[in-house]
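In: here are the coordinates; sequence isn't available:
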Ligand code: ACO
């Protein structure tokens, strides 16, 4: 085993260098503090592996994203969201029998406790769907306490199935509530994605026919968002779970983290930005703003913490966006603006030097808007898909014998110890 030596004030600390199945080696610094009395400093975890994981591998420079070894473009093209969910949860692609059994199990969990509908009615009608999702997903632990014993693998599996199955129902309810239409019960004769589309866009007064073009595009978007290694929301789910919190509460914490515009909120922000740009002739003005250090404006949907050459998910969705809009016969000026902005930025030195490329959010917003979702729903759809990754990573962590409560250290820069001064003497 390779070894590394860290020298602190002349004191040498020898420690193993661990190798994964692929990717950079990692220096094991678990004993660093005990043996040298120093911490490492790494805000944003840019050089720190927080766990061992066998789910997803990303090579940001090569634009590679693998789930359990399978490239994302192959999964997006050839498989379904349910198959990817099975793969992430179980490690292998399902056999035909396993696939049938899994989809049936998920389908059987799509309904939510009727009392949850009352819970929804406590929200303002104009509440953001993510605000509702933070609340109702956290509340699931109150409705399903029989699957919150994290030390029981059977209860863990039930809770993971419940979360995956109920997210489409809850996301569709959040949408229906915001537009004042009645909630639709799930129709278990439909696919996972078809069912979600019907609960979102159907009405009780009419039959809803699922459009296969939309169903396939939606399923692709779900696949592309299913998991993404130790990103901010997944790390939050793991950190919350490391204390022994139940999975519903942990996923609610993930939803809260995903909501931010630097993470899952970026597709909403990207589409809003494209609408604000409006027409391609205004692109130079916005590019100039993005480059101006005195202007906080950033090109939303550009740049990624890990992908520094291209985002493989953006590649898949760039093609899908054109396909969907062509098949639906939609000509959207937002897509024209998106295409021109992409070309403009890819030729600009500022973006080239900083390796800023369109990320998955740049295109997903265009497709979701064409399907008919309001921008406020975009992040809720991301949360729906990412629930698979969250629960798979959470379960992997609970089963990991090396797992400990997450407790980062800090570089303290506040006042040193001083004595309290009475109010009248200040
Ligand atoms: N527009 C303009 N300039 C940018 C952008 C952008 N979108 N992103 C980064 N930069 C610039 C920064 O100003 C910085 O410039 P400097 O070196 O001159 O100071 C440089 O590029 C590096 O930026 P960092 O913020 O240090 O890069 P980091 O890896 O920390 O940030 C992030 C990545 C948060 C995604 C950032 O690129 C960003 O804010 N992008 C827009 C939001 C977005 O699309 N987020 C989606 C992420 S993907 C996802 O969650 C699915």
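Out: Perfect, thanks for sending it. None of these values were measured; they are calculated from a predicted model.
In: Please count neighbours and contacts with C-alpha atoms only from this point.
Out: Fine.
In: Who are the packing partners of the helix or strand containing residue 364?
Out: Element membership of residue 364, judged by DSSP states H and E, is helix 360-371. Packing partners of helix 360-371 (3 or more Cα pairs under 8 Å, 6 or more residues apart in numbering; DSSP states H and E): helix 212-224, helix 266-277, helix 312-327, helix 333-346.
In: Now with 7 Å, please.
Out: In terms of contacts (3 or more Cα pairs under 7 Å, 6 or more residues apart in numbering; DSSP states H and E), helix 360-371 is packed against helix 266-277, helix 312-327.
In: Tell me which of the ones you listed sits nearest to the ligand.
Out: helix 266-277 (4.8 Å; Cα to the nearest ligand atom).
In: Any residues of the stretch 251-400 of the chain in contact with the ligand? List them.
Out: Proximity of the stretch 251-400 of the chain to the ligand, by Cα under 6 Å from any ligand atom, involves residues 262-264, 266, 290-291, 298-305, 354, 359.
In: Could I get the contacting residues of residue 391?
Out: Going by Cα atoms under 7 Å, 6 or more residues apart in numbering, residue 391 touches residue 160.
In: is it fair to say it lies in a helix?
Out: Yes: using DSSP: H, G, I helix; E, B strand; the rest coil, the assignment for residue 391 is a helix.
In: how close does it sit to residue 152?
Out: According to Cα to Cα, to the nearest Å, residue 391 stands 15 Å off from residue 152.
In: try residue 410
Out: Taking Cα to Cα, one finds residue 410 at 34 Å from residue 152.
In: List the strands paired with the longest strand along the chain, with their directions.
Out: Taking DSSP state E as the assignment, the strand of the chain that covers the most residues is strand 11-18. Strand 11-18 has the following sheet partners, assigned by DSSP bridges: strand 3-8 (antiparallel), strand 26-27 (antiparallel).
In: Distance to the ligand and mean pLDDT added to those strands, as TSV?
Out: As requested, the strands paired with strand 11-18 are exported to TSV (distance: least, Cα to the nearest ligand atom, whole Å; pLDDT from 0 to 100):
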stretch	distance to the ligand	mean pLDDT
strand 3-8	27	92
strand 26-27	20	96
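In: Just name the most buried of those.
Out: Per residue and on average, the most neighbours among the strands paired with strand 11-18 fall to strand 26-27, with a mean of 16 (mean count of other Cα atoms under 10 Å).
In: Next SSE downstream of it?
Out: Heading C-terminal from strand 26-27 (DSSP H and E), you reach helix 32-36.
In: can you list contacts of that next one?
Out: So helix 32-36 is contacted by 38-39 (Cα under 7 Å, 6+ apart).
In: Heading C-terminal from it, find the next helix or strand.
Out: That would be, after helix 32-36 and using DSSP H and E, strand 56-59.
In: In its sheet, which strands sit next to that next one, and in what direction?
Out: For strand 56-59, pairing defined by DSSP bridges yields strand 64-67 (antiparallel).
In: if you look at the strand it pairs with, does any of it touch the ligand?
Out: No: using Cα under 6 Å from any ligand atom, strand 64-67 never reaches the ligand; the gap is at least 12.8 Å.
In: pLDDT on that strand, on average?
Out: The average pLDDT within strand 64-67 is 97.
In: For the residue of the stretch 1-150 of the chain found nearest the ligand, the count of nearby residues, please.
Out: When scored by Cα to the nearest ligand atom, the stretch 1-150 of the chain has residue 44 as its residue closest to the ligand, at 8.0 Å. Number of residues near residue 44 (other Cα atoms under 10 Å) recorded here: 9.
In: What of residue 231?
Out: If you count neighbours by other Cα under 10 Å, residue 231 ends up with 15.
In: now residue 17
Out: By other Cα under 10 Å, the residues close to residue 17 number 15.
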